[in-house]
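J.: Sequence plus predicted model, see below.
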Amino acid sequence: MTPRRLARARTLINLLAGILLPAIAAAGAEVPVHSTSDQPPRKVIVGTVLQPFWGKHPGLDKRLAQVIGIIDRMQAQSEKKYGRGLDLAVLPEVALTGQGEDVGSVAQWSYPLKGLVEDTFAQEARKCHCYIVATTYLQEAGPKKEYSNAAIVFDRTGKVVGIYRKVQLVCDMKTGSMEHGCTPGKDVPVFQCDFGRLGIQICYDMDFDYGWGELARKGAELVVWPSQSPQTSQPACRARHNHYYIISSTWHNNASVFEPTGKIVSRSPGP
């Protein structure tokens, strides 16, 4: 190799090193810890549930009555055990919609927020004076027909704080459809509640680093995970790696509370 070519090769190597090595280091960097050491201790009472929603849908009125009954029972348990009501109630994934054996297109069995759904949960949030994470296949507002796997956050006054739309949708390998025609979410928001900063992930989001890392970066302290999956190993790892609490709300086996150490500190076991 001539001296000129050798010099060019060294320049190219140095250029690539300057680009690639910082990127590799950033990819392996630890998630920064969001410190709450400047805040007083807080006792947050969270209600979660283990409840399947398979089979024929009973109709929106009856399903709303069912899930409101679940929240009422959690509220009563909280008052009996702790002497006061819930701060937060979390329902499992798509609790309003459920999932039958032949679900067809999501357009046939999703619900809009405005109207009965919003009014019912707003009233329950005011009655229990707690935040509620309500879950459904959501018929989006607007002229464009879109549907989301959504978790809607209501505050203690019944106001909608915001909506998390599931980013990592399950794809049907036979049809190529994402969850029967849903549109994936584009954002991973953190909601400021009066008890702390709340994040949400839904079911299959568990398998992807992106959302969990974004919530840590944005300072989430408590992440709720409405799901059909009862897994515990991955949520424990997510909690430990990202330094926040995780609460699962599931269809079967268990609904659990994970400390930032990864330890399960409370769970509702299945039969």
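T.: Now that the structure is in, tell me what you want to look at. Numbers count the residues shown, from 1 in each chain.

J.: So, low pLDDT: which residues of the stretch 151-271 of the chain?
T.: Applying pLDDT under 70 to the stretch 151-271 of the chain flags residues 270-271.

J.: can you give me the strands in the stretch 51-200 of the chain?
T.: With strands called from DSSP state E, counting those that start in this stretch, the stretch 51-200 of the chain shows them at 88-90, 111-112, 131-139, 147-154, 160-165, 190-193, 196-200.

J.: Looking at those strands, spot the one closest to V67.
T.: strand 131-139 (7.7 Å; C-beta to C-beta). Just so you know, the C-beta spots here come from the backbone N, C-alpha and C atoms, and that holds for glycine as well.

J.: What helices and strands are in contact with the closest one?
T.: strand 88-90, strand 111-112, helix 116-128, strand 147-154, strand 160-165, strand 222-226 (3 or more C-beta pairs under 8 Å, 6 or more residues apart in numbering; DSSP states H and E).

J.: among the strands of the stretch 51-200 of the chain, which is nearest A255?
T.: When the strands of the stretch 51-200 of the chain are compared by C-beta to C-beta, strand 88-90 sits nearest A255, at 8.5 Å.

J.: got the angle for the helix or strand where A236 lies vs strand 196-200?
T.: Assigned by DSSP states H and E, A236 falls within helix 233-242. Helix 233-242 runs at 140 degrees relative to strand 196-200, counting by axes from the mean of the first three to the mean of the last three C-alpha atoms, to 10 degrees.

J.: buried ones in helix 233-242?
T.: Going by neighbour count (16 or more other C-beta atoms under 10 Å), the buried part of helix 233-242 is P235, A236, R238, A239, R240, H241, N242.

J.: cool, stretch 54-70 as well?
T.: L60, R63, L64, V67, I68, I70.

J.: Not counting residues beside it along the chain, what's closest to the third one?
T.: This means L64. Computed as C-beta to C-beta, 6 or more residues apart in numbering, the closest residue to L64 that is not its neighbour in sequence is T120, at 5.0 Å.

J.: And for that neighbour, the neighbour number?
T.: 18 (other C-beta atoms under 10 Å).

J.: That one contacts Q66, doesn't it?
T.: No: between T120 and Q66 there is no contact under C-beta atoms under 8 Å: 11.4 Å.

J.: For D207, which of the strands of the stretch 51-200 of the chain is the nearest?
T.: Checking the strands of the stretch 51-200 of the chain against D207 by C-beta to C-beta gives strand 147-154 as the closest, at 14.7 Å.

J.: hang on, the earlier thing: same list (the strands of the stretch 51-200 of the chain) but as TSV, adding mean neighbour count.
T.: Shown next, in TSV, are those (neighbours: other C-beta atoms under 10 Å):
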stretch	mean neighbour count
strand 88-90	27
strand 111-112	16
strand 131-139	26
strand 147-154	25
strand 160-165	20
strand 190-193	18
strand 196-200	24
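
J.: and S249, which of those strands is closest to it?
T.: Closest approach to S249 among the strands of the stretch 51-200 of the chain is made by strand 88-90 (4.4 Å; C-beta to C-beta).
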